[in-house]
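**Q** Sequence first, predicted coordinates after that:
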Amino acid sequence: MQSASIDTTAVPATGTILPQSGRRRDWKEQFFKILFLLAAIIGVLSLAVIAYFIFQESLPAFAEAGVSGIVTGTEWLPPALYGILPMIVASLASTIGAVAIGVPVALLTAIFIAEVAPKWLANIIRPAVELLAGIPSVVYGFFGLIIIVPMIQEWFNVPAGNTVLAGMLVLAVMILPTVIAVSETSLRAVPKTYKEGSLALGASPMFTIFKLLVPAARSGILTGVILGIARALGETMAIIMVMGNAPAMPGSILEPARTLTANIALEMSYASGVHASALYATGIVLLVFIMMLNGTLLYLNREKAK
Amino acid sequence: MKTKMFALLALTSAMTAGTAVASETISVSGSTSVTEVMEVLAETYQQSNKNTFIEVQGTGSSAGVKAAKNGTSMLGMASRSLKDSEKEPELKETTIARDGIAVVVNGKNPVADLTKDQIAAIYRGEITNWSQVGGESKPVVVVTRDTASGTRGAFEDIMKLKRKVNGISVSAISQRAQVGNGNGVVKTIVANNPFAIGYISLGSVDNSVKALKVDGKAASVAAVQSGDYQVARPFLVLHKDANTSDAARKFLDWVVSAEGQKVVADKGYISVL
């Protein structure tokens, strides 16, 4: 319907009626441009409003404990001490571990689906991976609590399996679907001629995959990794269930720890006053970390592309 | 296309209008421990009062007190006595049940009896091996609740687990203790870990865990009622007359009546009658 009305104004756009129809078309163009702009603004505006409110709400905590008292403090004892360094460490450790375990697996899976696997097998694996993305995080948490936690207890002979390692393993599985889907799409987007050229020159299929396809799809793969990191840093429910949530500084990955997100989720319901404000401060730190990580990866990506 | 859209719109509005008609809604929120019994009370009450809908939400005792004060819920639930800082003249407290807090360990743990002092020392992090309290030479895995929990609040009060930092009273439970955000989570952790110790509401103890004797007294409904077992606390419902409807007050009266208290006792808690 829309395209038909545009056609009627566009076709007789000659001679004397040009100025009038031209203006009408301009008005329509303008309307849609503004519509697109508004849609784009909603995302940016949400970010700005969220950042503003978190920042404003966190001010009392920063005023009472000081930026260093919160960011580098090692004891979380509301309403007296509000140090979240152990939680920063826990968030970073669990995310790095999840990426270190999850990304290689995801990348190899993506290559397998896109290049190596016969069609029928790829058609089984792809929906299975997509289904993985649809599982609610509380189910991952339950799975972790019943399967992974006792497993760690047994394998590493530690008193309690609710550890940073359990968090890493659960998160590694959780980031798989994102990284696989994005990587596979970008691997498929590499022009066929590249691959054909490489094979025609006598390179083996594996050489072609690692030296040509993966480097050519690097930017897309990196986007997948960034999305995976954001998912891992932001995950809450599953982490609360498997990581033990002790607010003390973890000495190793075989000790319990509390992540930034878990701290907010565990205490938000009842906190009041400076304590509530300190939880917003936790949110600020989380936001800054996600921005820094994404910024660094985007920058690295652009530098390498040059 | 357009007619379809309108039909859909009309359909959805008809559906939402339909649900909005269901007359009286009573909102209840607070302690996760009280939620377990409150849900059963609400269901039973709704069977005989078809046009009343009771919405129960488990958010933690402190949140329950806050909700009752500022009116976000008509009724607030708390599973501990109110702190002095929380008391207000208009805020009315109704004790709807009493509950024991059971100290639980894994079924494989040979330890069966601890004193209050031993439990407190374990939670402070001073006792770290089961051999120090007569068990095997294995590390103690301490499991506690999140600070929002009324169970934790009551447990800290009873075990005197408070200390001062910079003149402010804070929890003395070891920072290394694992934190579970609900009775169920603590129970699952203890049931799956042979070295764990936790505390949960007596009403939610089942055979997946073993309840310890405290000072030689077994945790049971009768022992709490007679005052023998001292790790116990009240279940409170809080409300302000200004924020509550007649239906909510009627429901509260029913809860403390013989009929409501029978539900409380059936659920394994201690009736106030």
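**A** Noted; the coordinates are in hand.

**Q** what does chain B have sitting close to chain A?
**A** B:59-63, B:66, B:138-141, B:146-148, B:165-166, B:168, B:170-171, B:174-181, B:185, B:188-189, B:192-193, B:195-196 (Cβ under 8 Å from any Cβ of the partner chain). (C-beta placed from N, C-alpha, C; glycine too.)

**Q** Mind doing that once more with 6 Å?
**A** Contact residues, chain B versus chain A (Cβ under 6 Å from any Cβ of the partner chain): B:59-60, B:62-63, B:139, B:141, B:146, B:148, B:165-166, B:168, B:170, B:175-179, B:181, B:192-193, B:195.

**Q** Now intersect those with the helices, please.
**A** Among those, the ones falling in helices (DSSP state H) are B:S62, B:A63, B:N192.

**Q** Go through those and name the one nearest chain A.
**A** B:S62 (3.3 Å; Cβ to the nearest Cβ).

**Q** Could I get the pLDDT score of the closest one?
**A** On pLDDT, B:S62 comes in at 83.

**Q** among the residues of chain B next to chain A, which ones are buried?
**A** Using 16 or more other Cβ atoms under 10 Å in any protein chain shown as the burial test, the residues of chain B next to chain A include B:59-60, B:62-63, B:141, B:146, B:148, B:170, B:175-179, B:181, B:192-193, B:195 as buried.

**Q** Give me the below-cutoff pLDDT ranges for the chain.
**A** Picked chain A for this. A:1-25, A:270, A:304-306 (pLDDT under 70).

**Q** other chain: chain B
**A** B:1-22, B:148.

**Q** which residues in it form helices?
**A** B:2-21, B:32-48, B:61-70, B:116-124, B:150-159, B:183-192, B:221-226, B:246-255, B:258-266.

**Q** Now distance to A:P191 too, for those, in TSV please.
**A** Below are these laid out as TSV (distance: least, Cβ to Cβ, whole Å):
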stretch	distance to A:P191
helix B:2-21	42
helix B:32-48	57
helix B:61-70	57
helix B:116-124	64
helix B:150-159	61
helix B:183-192	52
helix B:221-226	74
helix B:246-255	68
helix B:258-266	70
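
**Q** right, so of these, which gets closest to A:L212?
**A** helix B:183-192 (48.4 Å; Cβ to Cβ).

**Q** can you list contacts of the closest one?
**A** A:P150, B:V104, B:N106, B:V143, B:G180, B:A196, B:G198, B:I200, B:S201, B:S204, B:S208, B:V209 (Cβ atoms under 6 Å, 6 or more residues apart in numbering or on different chains).

**Q** Just flag the most distant two among these.
**A** Pairwise over those, using Cβ to Cβ, the maximum falls at A:P150 and B:S201, 24.4 Å.

**Q** Between these two, which is the more surrounded one?
**A** Ranked by neighbour count (other Cβ atoms under 10 Å in any protein chain shown), A:P150 and B:S201 place B:S201 first, with 27 against 14.

**Q** wait, the more buried one sits on B:D99?
**A** Yes - checked against Cβ atoms under 6 Å, the pair B:S201 and B:D99 is within contact range at 5.5 Å.

**Q** thinking again about what came up before, from the ones in helices among the residues of chain B next to chain A, pick the one nearest A:A106.
**A** Once Cβ to Cβ is applied, the member of those that ends up nearest A:A106 is B:N192, at 29.3 Å.

**Q** Distance of the closest one relative to B:V143?
**A** 11 Å (Cβ to Cβ, to the nearest Å).

**Q** Please apply the same query to A:I113.
**A** 42 Å.

**Q** sec struct for the residue nearest the centre of chain A, please.
**A** Chain A has A:A230 as the residue nearest its centroid, 2.5 Å off, counting by Cα atoms, centre = their mean. Secondary structure assignment for A:A230 (DSSP: H, G, I helix; E, B strand; the rest coil): helix.

**Q** which stretch of helix or strand covers the residue nearest to it when sequence neighbours are not counted?
**A** Spatial nearest neighbour of A:A230, excluding adjacent residues (Cβ to Cβ, 6 or more residues apart in numbering or on different chains): A:I290 at 6.0 Å. For A:I290, the host element (DSSP states H and E) is helix A:274-305.

**Q** Give the buried residues for that helix.
**A** A:274-287, A:289-290, A:293, A:301.

**Q** B:G60 touches A:S269, doesn't it?
**A** Yes - at 4.9 Å, B:G60 and A:S269 qualify as touching, with contact defined as Cβ under 6 Å.

**Q** now the helices for chain A?
**A** Counting by DSSP H, the helices of chain A are A:2-10, A:18-71, A:85-111, A:119-134, A:137-143, A:149-156, A:164-189, A:192-200, A:205-208, A:214-216, A:218-234, A:237-242, A:260-267, A:274-305.

**Q** quick one: the third one to chain centroid distance?
**A** Translated: helix A:85-111. A distance of 11 Å separates the centroid of the chain from that of helix A:85-111, by Cα atoms, centre = their mean, to the nearest Å.

**Q** any idea which of the helices of chain A is most buried?
**A** Most buried of the helices of chain A by mean neighbour count (mean count of other Cβ atoms under 10 Å in any protein chain shown) is helix A:237-242; its value is a mean of 27.

**Q** got a list of contacts for it?
**A** Counting by Cβ under 6 Å, 6+ apart, residues outside helix A:237-242 touching it are A:137-138, A:140-141, A:144-145, A:149, A:166-167, A:170, A:259, A:262, B:181.

**Q** May I have that helix as CSV, with CA atoms only?
**A** Taking only C-alpha atoms (Å, rounded to 0.1, in the frame of the first residue of the first chain), the coordinates of helix A:237-242 have been written out as CSV:
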residue,chain,number,x,y,z
MET,A,237,20.6,-15.8,38.7
ALA,A,238,22.7,-18.7,37.6
ILE,A,239,25.8,-17.2,39.3
ILE,A,240,23.9,-16.6,42.6
MET,A,241,23.0,-20.3,42.6
VAL,A,242,26.5,-21.8,42.0
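
**Q** The residue positioned nearest the centre of chain B: what's it in contact with?
**A** Geometric centre of chain B, nearest residue: B:S33, 1.9 Å, by Cα atoms, centre = their mean. With contact set as Cβ under 6 Å, 6+ apart, B:S33 has these partners: B:S79, B:T151, B:S201.

**Q** From B:V237, how far off is the first one?
**A** If I follow you right, that is B:S79. 11 Å.

**Q** Repeat that for the last one.
**A** B:S201 sits 16 Å away from B:V237, going by Cβ to Cβ.

**Q** is it true that A:R188 touches A:A114?
**A** Yes - under the criterion of Cβ under 6 Å, A:R188 makes contact with A:A114 at 5.4 Å.

**Q** Touching, A:L227 and A:T178? I think so.
**A** Yes - if you go by Cβ under 6 Å, A:L227 and A:T178 touch, sitting 4.9 Å apart.
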